[in-house]
Each structure stands twice: as C-alpha cells, then as structure tokens.
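Q: The following block contains a protein sequence and its predicted model.
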Amino acid sequence: MAQELTVAMPKGRIFQDAAKLLRQAGIQLPADFENSRKLIISAENCSMKFILAKPVDVPTYVEYGGADIGIAGKDVLMEAESDVYEVLDLGISACHLAVAGLPDAAKRSSAYKVATKYPKTAARYFREQGEQVEVITLNGSIELAPLIGLADCIVDIVSTGRTLKENGLVEKEKISDITSRLIVNPVSYRLKKADIDQLIGKLTEVVKENLNGMDQKSGVEVLK
Ligand SMILES: Nc1ncnc2c1ncn2[C@@H]1O[C@H](COP(=O)(O)OP(=O)(O)OP(=O)(O)O)[C@@H](O)[C@H]1O
Ligand SMILES: O=P(O)(O)OC[C@H]1O[C@H](OP(=O)(O)OP(=O)(O)O)[C@H](O)[C@@H]1O
C-alpha cells in the first residue's frame, strides 16, 4: 500500500504553475486548491497531503522532515544551502538572477556595496569573481537601493525586466538561470523510495511533454 507523502508547496508566484504540473501528473487536487485559505490540503485520488508554505520556508520544511518533498525556486535553494536532494528541474516559473545598477555606476572597488535579498548567493558570486564587496541585505523593493544611494548595485531576480526598466536600471551580469525544482528529504527518500520514485517518474514525463509542447509552439527543434 502507498505510504502518505507530504509535499511542501510554495504559496505565491510558483503556486499556480506547480498546481498545474501536479494535475498534469494525474494528481486530483480539490477544485478550490488555488483559492482556499487552508494550509493543509489532501489530494482526492491518492495518498498525498500538501502543506502551503512561504516559498523561502519550503527547504526548511523538507530539510527537517515536516514535508517529504517540496517545490522551490533555484534562487531559494542556492541561498538556503539546505541538506535536501534536488531531484528534478520542473521547468516552471522561469526567471534569472542578475547584477543590476544605474547605467553610469562607479567601477567596483573594495567599498562597493551590493543590496540583495540573497546575501549568501551574492557574496559567493563576487568572491568567485575575485572581488570583495559589502553585501547589504534587504527584504524587497531591492531596486530602490541604487536609486537612493544605499548601494552601488543590486543582485535580484529579473523576469520581464520591467522593474529594472521603469526604475532606470540596467542589467550588468547574469548570475544564473532560475526555475523551480523538486526537492526531497534524504531520510524520506530512503523510507518511501517507491512512492517518491513514482511521483518523480510521473513529473519527469509531464516536464518532458511540456518542453516538447513549448518547442512545437516556437518551432524550435530540439535534440532528444
Ligand atoms: N519576477 C519574479 N520575481 C521574483 N520571483 C520570481 C519571479 N518570477 C519567478 N519567480 C520565482 O518565484 C519565487 C518567488 O515567489 P514569490 O514572489 O511568490 O515569493 P516571495 O518572494 O516569498 O514573495 P513575497 O514578495 O511575498 O515575499 C522565486 O523564488 C523565483 O524562483
Ligand atoms: O523583471 P520583472 O518582471 O519586473 O520582475 C522582477 C521583480 O520582481 C520581483 O519583485 P517582487 O514583485 O517580488 O517585489 P519585492 O521584491 O519588492 O517583494 C523581483 O525582486 C524584481 O523586483
């Protein structure tokens, strides 16, 4: 008999894409899944329970075993450095992480200040470039920092590029492409391997189908 799996879902931007993917994989979610205020919701046709968490908390729930599985943005995973297995790129909620600033910003020096919601990732990136910078942690509206002189540049998510453009900022360097990933608690993976592998298998198929669909729409040929 299947063992129950607890899945940590990120509320907010990723939620709808993730719910669509789960439905495509044959998991029956209640009709009001996307609109409910409930924080724990069960699937209707299988032994699966979903906990609805703040995106940044998903790796924590999975690392400490509050959930067997989770869905989280690669940006969140790079910053959290949690002890979880990253098992599948779901290909949803795509965006990228970049360095951005005013077009005429000063050249980098040791007094260079970087504002970001991702302090560890930003520090790692500049360290790898051999540059010493001061990282200032903010929790949102990161684009404000260079505009009011709090920082020389920012490290933040870029999706459409609209926020940068409307604030007179430009992208300077791309750090990393971002999509959402499926993560698994290592102990759960040992104890519930068959059920988790079955879910990974179904989602892998859906991700492949979606990729093929995208390629057909854009007319791009891919090597398989
Ligand atoms: N334009 C975007 N801006 C931010 N995150 C995006 C964007 N596009 C996709 N994402 C993905 O969505 C996730 C963030 O989702 P969301 O904005 O709902 O969470 P949050 O940052 O915790 O929200 P809040 O702004 O309420 O703190 C990121 O981790 C990233 O992987
Ligand atoms: O390239 P775009 O499509 O404009 O998207 C990027 C913007 O979206 C995110 O901000 P969010 O809306 O989450 O606001 P916050 O960071 O102020 O919470 C991100 O931090 C950028 O500011």
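A: Okay, I see it. Ligands and ions are numbered 1, 2, ... in the order given.
Q: Quick one: name the residues of this protein near ligand 1.
A: Residues of the chain lying near ligand 1 by C-beta under 6 Å from any ligand atom: 12-14, 54-56, 73, 75-76, 93, 95, 140, 157, 159, 178, 180. Just so you know, the C-beta spots here come from the backbone N, C-alpha and C atoms, and that holds for glycine as well.
Q: Mind giving me the PyMOL command for buried ones among those residues?
A: Those of the residues of the chain next to ligand 1 that count as buried under 16 or more other C-beta atoms under 10 Å are selected in PyMOL with:
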select buried, resi 13+14+55+56+73+75+76+93+95+157+178+180
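Q: how far away is the residue lying closest to residue 56 once chain neighbours are set aside from ligand 2?
A: Spatial nearest neighbour of residue 56, chain neighbours left out: residue 76 (5.6 Å); criterion: C-beta to C-beta, 6 or more residues apart in numbering. Distance, residue 76 to ligand 2, using C-beta to the nearest ligand atom, to the nearest Å: 12 Å.
Q: Just want the most central residue of the chain.
A: Residue closest to the mean C-alpha point of the chain, counted by C-alpha atoms, centre = their mean, is residue 73 at 0.7 Å.
Q: which non-adjacent residue is nearest that one?
A: Using C-beta to C-beta, 6+ apart, the nearest residue to residue 73 is residue 180, at 5.4 Å.
Q: Could you double-check that the one you found lies in contact with residue 72?
A: Yes: between residue 180 and residue 72 there is a contact under C-beta atoms under 8 Å: 6.5 Å.
Q: Mutual contacts of those two, please.
A: 10, 14 (C-beta atoms under 8 Å, 6 or more residues apart in numbering).
Q: Tell me the buried residues in the strand or helix carrying residue 203?
A: Using DSSP states H and E, residue 203 falls within helix 193-218. Neighbour-count burial for helix 193-218 flags 195, 196, 199, 200, 202, 203, 204, 206, 207, 210 (criterion: 16+ other C-beta under 10 Å).
Q: got a pLDDT number for the last one?
A: For residue 210, the model assigns a pLDDT of 93.
Q: so what's it up against?
A: 21, 24, 91 are the contacts of residue 210 under C-beta under 8 Å, 6+ apart.
Q: again, 10 Å this time
A: 20, 21, 24, 90, 91, 92 (C-beta atoms under 10 Å, 6 or more residues apart in numbering).
Q: The lengthiest strand in the chain pairs with which strands, parallel or anti?
A: Ranked by number of residues, the top strand in the chain under DSSP state E is strand 170-178. Applying DSSP bridges, strand 170-178 is found paired with strand 95-101 (antiparallel).
Q: and the host helix or strand of residue 87, what other elements does it pack with?
A: Following DSSP H and E, one finds residue 87 within strand 85-89. Applying 3 or more C-beta pairs under 10 Å, 6 or more residues apart in numbering; DSSP states H and E, we find strand 85-89 packed against strand 69-73, helix 74-80, strand 180-184, helix 186-191, helix 193-218.
Q: can you put those in CSV and add distance to residue 136?
A: Shown next, in CSV, are those (distance: least, C-beta to C-beta, whole Å):
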stretch, distance to residue 136
strand 69-73, 22
helix 74-80, 15
strand 180-184, 27
helix 186-191, 34
helix 193-218, 37
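Q: where among those is the average confidence lowest?
A: helix 193-218 (a mean of 90).
Q: Distance of the nearest residue to residue 182 once chain neighbours are set aside relative to residue 181?
A: Leaving aside its sequence neighbours, residue 182 sits nearest to residue 88 (C-beta to C-beta, 6+ apart; 4.1 Å). Distance of residue 88 to residue 181, computed by C-beta to C-beta, to the nearest Å: 7 Å.
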